[in-house]
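Chemist: Sequence plus the predicted model coming up.
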Amino acid sequence: MPEAVCLGELLVDFVSVEKDVALARLPGFVGAAGGAPANVAVGLARLGVSAGFIGKVGDDPFGEHLRRTLEAEGVDTAYLRRAPGVRTTLAFVASHSDGRKDICFYRNPGADMLLTAEEVNGEYLRSARHPPDGRRASTAGGQARLFHFGSVSLSRSPAREATMRAARLAREAGLLVSYDPNWRPGLWSDEVEAKGLIWKAMELATVVHCAEEEWEFITGTQDLEVGAARVREAGARLVVVTQGEEGCYWDDGESRGQAPGFRVEVVDPLGAGDAFVAAMLCRLLRGDLPPEGGLGEERLRGITSYANAAGALTCTKRGVIPALPTATEVGEFLAARGG
């Protein structure tokens, strides 16, 4: 059984081969497996954390490609469902140098939005709490295993109900619950409803990651400290905000600070945040998350530096899953920079 379970969208990203070119100009595209929670699952697997994925793909060639991609990366697909007669979601993506992304989703409807609450297996989630023989995993000295999800799957029913059920089950089972409230306005018909549902899910999270460009919409402020306090008041113990090439900001209620990023030759920034999240969660799973209180400034600097390195490495290749680094690659990258 996996140590970590991720739930949400699994789709095909068609990524522009040109930077800073609007989608309306119809640049060339390269297709690659994607979807933020699926990216995190593969990112964890490449870093040595056994991962499983809960989601739904279409009964089409794209869905079969996505399943095979996850399986080739060692991600458990026992609960990756197939939707008969439905197509896999596609996303066309154009990236900009300042970190912005133009994303156009094609759903009619997309299979990922059709995952139902009844298809979320509670025993599978609870299995991530401890290994089958009842002993704690030798690689884990921490409080719990992991469940990770995002807000894209909250944008439509029945995936909305499936996501909330899974998050509640994970929290009740004592898992470390990681949440990435991605803001994709094109997927929502009502911004007020979107913010309400995003914050309802926030109440179930232990760790929250947010990209800086989405911060003001989600928290209602540009101020990182003020916004982080609001997120922690909802129940999170650790809040991390990624800031592109500038690195990231963290706040666990007892210490807060910023870890600088790493300069690299950027080929494609898509997925850098997902690589960051996977690396951060890997480090949290491999150490102790104290029952109460903060993690400590020294440890948080180490965790966020490791995660920044994973994010930077992902920017050096095109596509997300093909670009996600291994533990060896992150270690060599840090060693070459004196980390």
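Modeler: Noted; the coordinates are in hand.
Chemist: do you know how far the residue nearest to P185 when sequence neighbours are not counted is from L197?
Modeler: Distances taken as CB to CB, 6 or more residues apart in numbering place E191 nearest to P185, at 7.2 Å, with adjacent residues excluded. Every C-beta, even on glycine, is put in place using the N, C-alpha and C of the backbone. Distance of E191 to L197, given as CB to CB, to the nearest Å: 11 Å.
Chemist: Tell me which of the two has more neighbours.
Modeler: L197 (19 against 11; other CB atoms under 10 Å).
Chemist: and that one, what is it in contact with?
Modeler: The contact partners of L197, taken as CB atoms under 8 Å, 6 or more residues apart in numbering, are S151, L154, R160.
Chemist: at 10 Å instead, please
Modeler: Counting by CB atoms under 10 Å, 6 or more residues apart in numbering, L197 makes contact with S151, L154, S155, R160, T163, M164, P181, W188, D190.
Chemist: by contact count, what packs against the helix or strand hosting the fifth one?
Modeler: It refers to T163. Using DSSP states H and E, T163 sits within helix 159-172. Under the contact criterion of 3 or more CB pairs under 10 Å, 6 or more residues apart in numbering; DSSP states H and E, helix 159-172 touches strand 4-7, strand 51-58, helix 122-127, strand 146-150, strand 176-180, helix 191-202.
Chemist: which intervals of the protein have sub-threshold pLDDT?
Modeler: Filtered on pLDDT under 70, the chain yields the residue ranges 98-99, 128-144, 288-293, 339.
Chemist: That one: helices as residue ranges?
Modeler: Here the chain has its helices, by DSSP state H, at 36-46, 61-72, 122-127, 159-172, 191-202, 212-219, 224-233, 272-285, 297-314, 327-336.
Chemist: As JSON lines, those with distance to I103 would be great.
Modeler: Below are those laid out as JSON lines (distance: least, CB to CB, whole Å):
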{"stretch": "helix 36-46", "distance to I103": "11"}
{"stretch": "helix 61-72", "distance to I103": "17"}
{"stretch": "helix 122-127", "distance to I103": "29"}
{"stretch": "helix 159-172", "distance to I103": "18"}
{"stretch": "helix 191-202", "distance to I103": "15"}
{"stretch": "helix 212-219", "distance to I103": "12"}
{"stretch": "helix 224-233", "distance to I103": "23"}
{"stretch": "helix 272-285", "distance to I103": "13"}
{"stretch": "helix 297-314", "distance to I103": "17"}
{"stretch": "helix 327-336", "distance to I103": "27"}
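Chemist: Can you tell me which of those is nearest to D20?
Modeler: D20 lies closest to helix 212-219 among those, at 15.5 Å (CB to CB).
Chemist: Check which residues of that closest one are buried.
Modeler: Within helix 212-219, the residues that qualify as buried are E212, E214, W215, I218, T219, counting by 16 or more other CB atoms under 10 Å.
Chemist: try stretch 85-105
Modeler: Result for stretch 85-105 [16+ other CB under 10 Å]: buried residues 86-95, 99, 101, 103, 105.
Chemist: Same check on stretch 328-339?
Modeler: Under the neighbour-count criterion of 16+ other CB under 10 Å, stretch 328-339 has V330, F333, L334 buried.
Chemist: Contacts for it, please.
Modeler: For stretch 328-339, using CB under 10 Å, 6+ apart, the contacting residues are 46-48, 262-264, 275, 279, 282, 302, 305-310, 312-313, 316, 325-326.
Chemist: Drop anything exposed from the residues you listed.
Modeler: Burial by neighbour count, judged by 16+ other CB under 10 Å, picks out 46-47, 262, 264, 275, 279, 282, 302, 305-310, 312-313, 316, 325 from those.
Chemist: quick revisit: could you report the separation of the residue nearest to P185 from R165?
Modeler: Relative to R165, E191 is positioned 24 Å away (CB to CB).
Chemist: and what of G235?
Modeler: For G235, the distance to R165 equals 18 Å [CB to CB].
Chemist: These two: which is more packed in?
Modeler: Per other CB under 10 Å, whichever of G235 and R165 has more neighbours is R165, with 18 against 14.
Chemist: So for the more buried one, what's the nearest residue that isn't a sequence neighbour?
Modeler: Nearest residue to R165 in three dimensions, chain neighbours excluded: A117, at 4.4 Å (CB to CB, 6+ apart).
Chemist: ok, that neighbour touching A162?
Modeler: Yes - the pair A117 / A162 is scored as a contact, 4.8 Å apart, by CB atoms under 10 Å.
Chemist: and those two? which has more neighbours close in?
Modeler: Taking neighbours as other CB under 10 Å, A117 and A162 compare with A162 leading, 26 against 15.
Chemist: ok, that one - contacts?
Modeler: Taking CB under 10 Å, 6+ apart, we find A162 in contact with 7-8, 54-56, 113-120, 149, 153-154.
Chemist: same deal with A32?
Modeler: By CB under 10 Å, 6+ apart, the neighbours of A32 are 12-15, 65, 69, 93, 268, 270-271, 318-323.
Chemist: swap the cut-off to 8 Å and go again
Modeler: A32 makes contact with V12, D13, V15, R318, G319, V320, I321, P322 under the criterion CB under 8 Å, 6+ apart.
Chemist: Compile the helices and strands packed on helix 159-172 into JSON lines and extend it with columns for distance to S255.
Modeler: JSON lines is the format used below for these (distance: least, CB to CB, whole Å):
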{"stretch": "strand 4-7", "distance to S255": "25"}
{"stretch": "strand 51-58", "distance to S255": "29"}
{"stretch": "helix 122-127", "distance to S255": "31"}
{"stretch": "strand 146-150", "distance to S255": "22"}
{"stretch": "strand 176-180", "distance to S255": "19"}
{"stretch": "helix 191-202", "distance to S255": "21"}
